[in-house]
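**Student:** next one to model:
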Amino acid sequence: MKKVISAAIVLATMMASVSSAQAADRKVLLPISGGMNANDAQSRLGDSVKFYFGKQPGPAILETLASDKTSLKTNAFGKSDAKACNWVFLSAMLQLQKRAKELGANAVVNIVSNYDNVEYASEAEFECHVGAIMAGVALKGDFVRIGSK
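**Tutor:** Numbering: from 1, shown residues only. Down below sits the predicted model:
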């Protein structure tokens, strides 16, 4: 009987550690330039809406229309962190672009990572969280009308 109980305890401990490993959530910082160059992002985003990350300088803001955020996830199973994160980054950028067009904005400025409502501002990197089966990117920014540079 003691052997059965010991085996059950060992099995339960192993199952708990497997569940923990599958629920892992690692913070990964990747270059924005990599995300903008993967998955045909440049041509998919086009140039009707300009994007400025962190405190990146841009043309004068003529009008601020709104602020908004996006939080998206994608399947990461069997993919490298970079591949999964760049894919979901593009999805988040496309969502920002769609919102900008709905508002009549021609730029999104002050774009920051905003995973779990914790801001990470950078002109060079975005934050992605990767688990065993999912990857997620959350961004927020200000939708504006800018003048030409």
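
**Student:** list the contacts for N86?
**Tutor:** Under the criterion of C-beta atoms under 8 Å, 6 or more residues apart in numbering, the neighbours of N86 are 30, 34-35, 38-39, 41. To be clear about C-beta, it is placed using only N, CA and C from the backbone, and glycine gets the same treatment.

**Student:** state the next helix or strand along the chain beyond the helix or strand where it lies.
**Tutor:** N86 belongs to helix 81-103 when elements are defined using DSSP states H and E. Reading on from helix 81-103 to the C-terminus, the next helix or strand found by DSSP H and E is strand 107-115.

**Student:** after that next one, next one along is what?
**Tutor:** Next along the chain after strand 107-115, taking DSSP H and E as the criterion, comes strand 118-120.

**Student:** that following strand packs against which elements?
**Tutor:** Using 3 or more C-beta pairs under 8 Å, 6 or more residues apart in numbering; DSSP states H and E, the elements in contact with strand 118-120 are strand 107-115.

**Student:** hmm, who's touching the strand it packs on?
**Tutor:** Contact partners of strand 107-115, identified using C-beta under 8 Å, 6+ apart, comprise 27, 49-56, 58-59, 61, 69, 71, 96-97, 100, 119-122, 126-127, 129, 136-146.
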